[in-house]
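A.B. asks: have a look at this fold, sequence not included:
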C-alpha cells in the first residue's frame, strides 16, 4: 500500500536547543481543554519539546474569534514557564499570511502552538498559504516543532472534521468534512472526544474516508508524536483509534443523509497515558 | 470455549398463535424511546411476534416510578393494535412476585413487554423470583416471547449496567455494574447508546467483563433475536457491537477508579437496519 507523504517521514535534523531537552515531540496533537492552571503537564511537555528555557514560541490564535484573548492566555503561560521568546501571530486575513513579517516570525521560532476555536476559520485564514508551506518545510527539516489543541488538532489531517453534531446514530449528516492542513495526512482527528459524545461523528467520517485512520482525543490528553510514525499518549484521558483497515463493508455510498450507517469490522483501540501506537504499521507498541 | 446457557439455545416449540405470524422474534431488545405514535414499527413487530390479533400481552412496568402511567401507555398502544388480551403486571413489592395471581397472568400470555425506568428498581423487585424463573422457562419452551425497552433492555445480560455517567474518558467509576436477569447471559447491553454518549461507559463495562459481548442499542432501534444466536437490527438507529474476543490488553485490574482505561484491540461493528449478527460465533451474517 502506497502511503501519502508525512511530515514525520524523514529523520529530522533537530536544532541544538531542542536536542538538549529531555523529550522531544515533533508534533503534539491535543484534544482541547488542556490543563492551563495546575500541573500543566501537556503544555509543559510542549514547552520542553520546543527547547525549554531556550524555546522561541510562536502562538497562532487564528482559529479563535477572540484571538487577542486566547493568544494572550498562552503568552502568559509560556512566559511563566520561562520561554526565551514568545510571539503571537495574530493573522487576521488570508492576504496577510504571506507577508514577510509573519514568515520571519515563523522562521525565528523553535515551537508553534495553534490554539482552539473554529478549525474552518483557521483553514480559511492560513490554508494554502506560503505561511503553511514554510511551517511544513521547517517541521520537515526538524527546525521547529508543532502543537495544536482542539481546532488546532482538527486541522492535522488531509481530511478534517469542520463541524458536526452529536446524540445521533452514525449518519452522513452528522459530520461536515473538508480539507485540513495535511500535516499528518493519513489521520482524521477529532477532539473533546468522549467529553462531547463524538464517537458517532468520527465513525461517520471514517465511513466517508476509510483510507484514513480515525483518532479521537479526549480533553487534557495529547498524542505526542515521535519520529517513525509513532505517537505516545500523554494526559488524563484516552485516545481512541478507529482503524478501518479490515473493514468488510459500509453502506456509506448508498445511504442518504439521515440513514444510519453500517461499518462492519472496525479495529478500535482505547489508549491511555504511556501507550504508544504506530499509525503507519497500525499497531500498539509494547511498553 | 464453554459458553453459558442461553434461552435461545434450544429450538423452541412455538405456540400456534405465534407460528402463524409473519415474523417471530423470541426476544426483542429495544434501545429505548421507540416510536409510540407514528409508524410504531418496533412495537408493531413485537405485537406481530406475540401473535398479532391473537396476542395475549403482559406488560411489566415495574422499572418505572410511575408504573400506572407507563403501563397504561403501552396498554392503549397494544389495544389499538387489536391484541386479544392485555394485562399490566404492576408488581409493587418483591414478596408479591410469587403470588399465583401474577404467575397465572404470566402463564396466560404469549408476549411479555418490559418497559423503561430504572433497571435496578426492576431487578430489586423481580430478580431471583419464581416469577422470573417461570418467565425464563416459558421463553425457553417457546411458549411466549419477550421484549424489553431501555431499562427492560438493560436487564437482559448476566451482568448489567445499573447506572453510569458520560462525558468522560473510559474509567472504572463511569459505570456501576451489577447482576441482570440473565436472559441472554453473554451480552452486556447498553441503550440510548449514541443518543446519550454511552460508548465510554460500555467500553468501561467491557474492560471489567471481557468475557461478555457489548451491545449498545440506539433509541428507536431493536435487536430482534432469532433462534440460533442471531439478532437482526430493526429501527432507525444503529447497534454497536463491542467484541473484546481478541483484546490484547486492558489495564482495568491495576487501575484506580478515575484512571483512564486502556483496551487494546477491540473488534467493533456498527450495524443498521437489516444487518444480522451471530453473537455466539461473533460474526456478521451475509444479507
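C.D. replies: Good, I have the coordinates. Nothing here was measured: the structure is a model prediction, and the numbers come from that model.
A.B. asks: all helices of chain A, in order?
C.D. replies: A:16-19, A:41-49, A:67-81, A:100-107, A:119-126, A:130-140, A:151-154, A:199-208 (DSSP state H).
A.B. asks: chain B is nearest to which of these?
C.D. replies: Among the helices of chain A, the nearest to chain B by C-beta to the nearest C-beta is helix A:199-208 (4.4 Å). Just so you know, the C-beta spots here come from the backbone N, C-alpha and C atoms, and that holds for glycine as well.
A.B. asks: packing partners for the closest one?
C.D. replies: strand A:159-164, strand A:175-179, strand A:187-191, strand A:213-217, strand A:238-243, strand A:263-272 (3 or more C-beta pairs under 8 Å, 6 or more residues apart in numbering or on different chains; DSSP states H and E).
A.B. asks: so for that helix, mean pLDDT?
C.D. replies: Per-residue pLDDT over helix A:199-208 has a mean of 98.
A.B. asks: got it, and stretch A:172-180?
C.D. replies: 97.
A.B. asks: which residues touch it?
C.D. replies: A:119-120, A:123, A:127, A:154-166, A:168, A:189, A:200-202, A:204-205, A:207-209, A:252, A:255-259, A:261 (C-beta atoms under 8 Å, 6 or more residues apart in numbering or on different chains).
A.B. asks: coming back round to it: can I get the helices and strands packed on helix A:199-208 in a markdown table including mean neighbour count and distance to residue B:53?
C.D. replies: Below are the helices and strands packed on helix A:199-208 laid out as a markdown table (neighbours: other C-beta atoms under 10 Å in any protein chain shown; distance: least, C-beta to C-beta, whole Å):
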| stretch | mean neighbour count | distance to residue B:53 |
| --- | --- | --- |
| strand A:159-164 | 21 | 45 |
| strand A:175-179 | 17 | 44 |
| strand A:187-191 | 28 | 49 |
| strand A:213-217 | 27 | 48 |
| strand A:238-243 | 26 | 46 |
| strand A:263-272 | 23 | 38 |
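A.B. asks: in chain A, which residue sits closest to chain B?
C.D. replies: Counting by C-beta to the nearest C-beta, chain A gets nearest chain B through residue A:197, at 3.4 Å.
A.B. asks: pretty sure that residue contacts residue A:166?
C.D. replies: Yes. Between residue A:197 and residue A:166 a contact is recorded at 4.0 Å, counting by C-beta atoms under 8 Å.
A.B. asks: who's more crowded, the two?
C.D. replies: residue A:197 (22 against 15; other C-beta atoms under 10 Å in any protein chain shown).
A.B. asks: could you measure from that one over to residue B:268?
C.D. replies: Per C-beta to C-beta, to the nearest Å, residue A:197 is found 16 Å from residue B:268.
A.B. asks: got it, and residue A:174?
C.D. replies: 17 Å.
A.B. asks: same question, residue A:136
C.D. replies: Following C-beta to C-beta, the distance that separates residue A:136 from residue B:268 is 33 Å.
A.B. asks: near chain B, which residues of chain A?
C.D. replies: Proximity of chain A to chain B, by C-beta under 8 Å from any C-beta of the partner chain, involves residues A:166-170, A:194-197, A:199-200, A:203, A:218, A:221, A:236-238, A:242, A:248-249, A:251, A:259-273, A:275, A:284.
A.B. asks: if we use 7 Å, what do you get?
C.D. replies: Contact residues (C-beta under 7 Å from any C-beta of the partner chain) of chain A with chain B: A:167-170, A:194-195, A:197, A:199-200, A:203, A:218, A:236-238, A:251, A:260-273, A:275, A:284.
A.B. asks: quick one on the thing from earlier: ok, of the contacts of stretch A:172-180, which come out buried?
C.D. replies: A:119-120, A:123, A:127, A:154-162, A:164, A:168, A:189, A:200-202, A:204-205, A:207-209, A:252, A:255, A:259, A:261 (16 or more other C-beta atoms under 10 Å in any protein chain shown).
A.B. asks: if we can go back for a sec, now the helices of chain A as TSV including distance to residue B:36?
C.D. replies: As requested, those are exported to TSV (distance: least, C-beta to C-beta, whole Å):
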stretch	distance to residue B:36
helix A:16-19	62
helix A:41-49	47
helix A:67-81	47
helix A:100-107	59
helix A:119-126	39
helix A:130-140	53
helix A:151-154	39
helix A:199-208	24
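A.B. asks: closest to residue A:230 out of these?
C.D. replies: Closest approach to residue A:230 among those (C-beta to C-beta): helix A:41-49, 14.9 Å.
A.B. asks: show me what counts as buried in that closest one.
C.D. replies: For helix A:41-49, by 16+ other C-beta under 10 Å, it's A:41, A:42, A:43, A:45, A:46, A:47, A:48, A:49.
A.B. asks: do the same with stretch A:210-230
C.D. replies: Quick answer for stretch A:210-230 (16+ other C-beta under 10 Å): A:210, A:212-226, A:229-230.
A.B. asks: for that stretch, measure first residue to last.
C.D. replies: Distance between the two ends of stretch A:210-230: 20 Å, counting by C-alpha to C-alpha, to the nearest Å.
A.B. asks: what's the answer for stretch A:172-181, then?
C.D. replies: 22 Å.
A.B. asks: one more: stretch A:187-206?
C.D. replies: 10 Å.
A.B. asks: now it, how far from the centre of its chain.
C.D. replies: 13 Å (C-alpha atoms, centre = their mean, to the nearest Å).
A.B. asks: equivalent analysis for stretch A:23-39, please.
C.D. replies: On C-alpha atoms, centre = their mean, the centre of stretch A:23-39 falls 11 Å from the chain's centre.
A.B. asks: rounded mean pLDDT for it, please.
C.D. replies: pLDDT averaged over stretch A:23-39 gives 95.
A.B. asks: buried ones in that stretch, by neighbour count?
C.D. replies: A:24, A:25, A:26, A:27, A:28, A:29, A:30, A:31, A:32, A:33, A:34.
A.B. asks: farthest-separated two in the residues you listed?
C.D. replies: A:24 and A:33 (24.4 Å).
A.B. asks: residue A:193 versus the closest residue in space to residue A:236 that isn't next to it in sequence, what's the distance?
C.D. replies: Closest residue to residue A:236 apart from its sequence neighbours, by C-beta to C-beta, 6 or more residues apart in numbering or on different chains: residue A:220 at 4.8 Å. Distance, residue A:220 to residue A:193, using C-beta to C-beta: 11 Å.
A.B. asks: same check on residue A:226?
C.D. replies: Taking C-beta to C-beta, one finds residue A:226 at 21 Å from residue A:193.
A.B. asks: who's in contact with residue A:235?
C.D. replies: A:41, A:42, A:220, A:221, A:222, A:273 (C-beta atoms under 7 Å, 6 or more residues apart in numbering or on different chains).
A.B. asks: how about the most centrally placed residue in chain A, what does it touch?
C.D. replies: For chain A, the residue nearest the mean C-alpha position is residue A:153 (2.8 Å; C-alpha atoms, centre = their mean). Contact partners of residue A:153, counting by C-beta under 7 Å, 6+ apart, are A:29, A:30, A:31, A:189, A:191, A:217.
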